[in-house]
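J.: this one's structure only:
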């Protein structure tokens, strides 16, 4: 039986701008219908997969369940717009999240070495310097700031710009584009732009950068992509542009969301903050808990290549499945006290970075960034408290807080 109100809520950006509503919806689905056939008004139907074990079961089978042809939740109207604009192609971009099989393997291999632990370790000092700069900026503000807007958005952006070899003078421009790209339908974030225009702005920006790197190669990821070949042929313009867009957008927005959302929970759970102050060796586990808690990537889609039975539901070949990560990361069957924020949670088998062949390319980088920032905050700030009401972006795809007003006290005897 179709529950139109539930289905529409699941597809609505507004649901994800209210965490109480979001988690109540997912808790109901996990309990009553964990593999739920969903027919929202204005959207093509899909299965909503809300249990941790079921998301794992799907993501382990990357040949049976594909990224293409549907990777994200868009309205039918928007999908038609994209096909018209892209001359029949179903996506504005064709990056790793839209690739499968040999294509995915070959394109991922282009940059994978840059984001593995050994390479990330080589730039740990530079990331630490940027974390220190972020906390310098925080403390220079006196005693109050909007932690998300003033601190959290800039630090990961500067890290990914360092990796891509982009000039600091461009950071305002890239931040505006990224916020429009992931803004959902939130008017505060998109500010007159939209996903199509933001994508076009990204492509235009990186066209210029890519042309420069072909003439003047340097030691950065942008140069690597600009001069890449696949099967002996230069990488296509659409694929190169898509690669840049994925790295520049998701490469920092998810980390910003996690940093701000994690700090909010440390404010709401002062005993956990004090636990970290007393035991800084818990920072890595705290970062994993922040990722689980925030789940900045709300979903990705998979498409079945053959008939399949999942938790008693008959999924037909060609049907789409929505992997609901915030729900999987609150699954009562996997996480003890899933609605409690615990910096020492162990084990923590969260799916905040996905799983399997399509696990997040920048996972190790993101963890290092967050750990570096958290260590700086713990060493130099005595305590935080809220200085107003936080607010979340209304988006069903990628996002977190859009406002986090805080008051803070400087550590009297900081150990930097």
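T.: Received the coordinates, thanks. Nothing here was measured: the structure is a model prediction, and the numbers come from that model.

J.: where are the low-confidence patches of the stretch 1-150 of the chain?
T.: Along the stretch 1-150 of the chain, segments meeting pLDDT under 70 span 1.

J.: what of the stretch 301-416 of the chain?
T.: For the stretch 301-416 of the chain (pLDDT under 70), the answer is 413-416.

J.: ranges for the strands of it?
T.: Taking DSSP state E, counting those that start in this stretch, the strands of the stretch 301-416 of the chain run over residues 308-310, 313-315, 320-324, 381-386, 391-392, 401-403, 405-410.

J.: repeat for the stretch 51-200 of the chain
T.: Assigned by DSSP E, counting those that start in this stretch, the stretch 51-200 of the chain shows strands spanning 65-66, 144-146.

J.: a markdown table please, covering those strands and showing mean neighbour count.
T.: C-beta: built from backbone N, CA, C; applies to glycine. What follows is those, written out as a markdown table (neighbours: other CB atoms under 10 Å):
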| stretch | mean neighbour count |
| --- | --- |
| strand 65-66 | 22 |
| strand 144-146 | 18 |
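
J.: just send those back as TSV, with distance to residue 179 too.
T.: Shown next, in TSV, are those (distance: least, CB to CB, whole Å):
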stretch	distance to residue 179
strand 65-66	30
strand 144-146	14
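
J.: which among these is found nearest to residue 234?
T.: strand 65-66 (26.0 Å; CB to CB).

J.: name the residues that touch that closest one?
T.: Contact with strand 65-66 is made by 58, 59, 100, 302, 303, 304, 305, 308, 321, as judged by CB atoms under 8 Å, 6 or more residues apart in numbering.

J.: ok, the fourth one to residue 315 distance?
T.: As for residue 302, its distance to residue 315 is 10 Å (criterion: CB to CB, to the nearest Å).

J.: which of these two has more neighbours?
T.: More crowded of residue 302 and residue 315, by other CB atoms under 10 Å: residue 302, with 27 against 21.

J.: nearest residue to residue 153 in space, please, no chain neighbours.
T.: Leaving aside its sequence neighbours, residue 153 sits nearest to residue 256 (CB to CB, 6 or more residues apart in numbering; 4.9 Å).

J.: quick check, that neighbour in contact with residue 150.
T.: No. The criterion here is CB atoms under 8 Å, and residue 256 misses it with residue 150 at 11.5 Å.

J.: from the contacts of strand 65-66, which is closest to residue 371?
T.: For the contacts of strand 65-66, the residue nearest residue 371 by CB to CB is residue 59; the value is 25.3 Å.

J.: these two touch, right, the closest one and residue 353?
T.: No. Contact criterion CB under 8 Å: residue 59 and residue 353 do not qualify, at 11.0 Å.

J.: contacting residues for residue 82?
T.: Going by CB under 8 Å, 6+ apart, the list of residues near residue 82 reads 74, 89, 90, 91, 92, 196.

J.: give me that answer again for 10 Å
T.: By CB atoms under 10 Å, 6 or more residues apart in numbering, the contact set of residue 82 is 74, 88, 89, 90, 91, 92, 195, 196, 199.

J.: can you check residue 170 too?
T.: Going by CB under 10 Å, 6+ apart, residue 170 touches 161, 205, 209.

J.: pick the one among the residues you listed closest to residue 394.
T.: Set against residue 394, the nearest of the contacts of residue 170 by CB to CB is residue 205 (25.7 Å).

J.: need phi/psi at that closest one.
T.: With angles defined as degrees, to the nearest 10, residue 205 sits at phi -60, psi -50.

J.: hmm, residue 174 and it touching each other?
T.: Yes. Using CB atoms under 10 Å, residue 205 is in contact with residue 174, at 7.3 Å.

J.: which residues do these two both contact?
T.: 166, 248.

J.: all helices for the stretch 101-250 of the chain, in order.
T.: For the stretch 101-250 of the chain, helices defined by DSSP state H, counting those that start in this stretch occupy the ranges 101-111, 117-122, 124-140, 154-164, 171-181, 187-190, 195-215, 221-226, 237-268.

J.: same list, the ones you listed, but as JSON lines with mean neighbour count and distance to residue 5 please.
T.: Compiled in JSON lines, the helices of the stretch 101-250 of the chain are given as follows (neighbours: other CB atoms under 10 Å; distance: least, CB to CB, whole Å):
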{"stretch": "helix 101-111", "mean neighbour count": "16", "distance to residue 5": "37"}
{"stretch": "helix 117-122", "mean neighbour count": "12", "distance to residue 5": "45"}
{"stretch": "helix 124-140", "mean neighbour count": "17", "distance to residue 5": "42"}
{"stretch": "helix 154-164", "mean neighbour count": "23", "distance to residue 5": "37"}
{"stretch": "helix 171-181", "mean neighbour count": "19", "distance to residue 5": "30"}
{"stretch": "helix 187-190", "mean neighbour count": "16", "distance to residue 5": "24"}
{"stretch": "helix 195-215", "mean neighbour count": "17", "distance to residue 5": "26"}
{"stretch": "helix 221-226", "mean neighbour count": "22", "distance to residue 5": "45"}
{"stretch": "helix 237-268", "mean neighbour count": "24", "distance to residue 5": "28"}
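
J.: where among these is the average confidence lowest?
T.: Of all the helices of the stretch 101-250 of the chain, mean pLDDT reaches its minimum on helix 187-190 (a mean of 69).

J.: list the buried residues of stretch 345-360.
T.: Neighbour counts over stretch 345-360 (16 or more other CB atoms under 10 Å) mark 345, 348, 350, 351, 352, 353, 354, 355, 357, 358, 360 as buried.

J.: what's the answer for stretch 324-343, then?
T.: Applying 16+ other CB under 10 Å to stretch 324-343 flags 324-331, 334-335, 338, 341-343 as buried.

J.: sorry, back to before: contact partners for the residue nearest to residue 153?
T.: Contacts of residue 256 (CB under 10 Å, 6+ apart): 148-149, 151-157, 175, 178-179, 182, 296, 369, 399-401.

J.: leaving out chain neighbours, which residue sits closest to residue 165?
T.: Nearest residue to residue 165, sequence neighbours excluded (CB to CB, 6+ apart): residue 220, at 2.9 Å.

J.: now swap in residue 360 and tell me
T.: Once flanking residues are discounted, residue 360 sits nearest to residue 353: 4.0 Å by CB to CB, 6+ apart.

J.: that neighbour contacts residue 291, doesn't it?
T.: Yes. Residue 353 is within contact range of residue 291, at 7.1 Å (criterion: CB under 10 Å).

J.: common neighbours of the two, please.
T.: Taking CB under 10 Å, 6+ apart as the contact criterion, the common neighbours of residue 353 and residue 291 are 254, 297, 360, 363, 366, 367.
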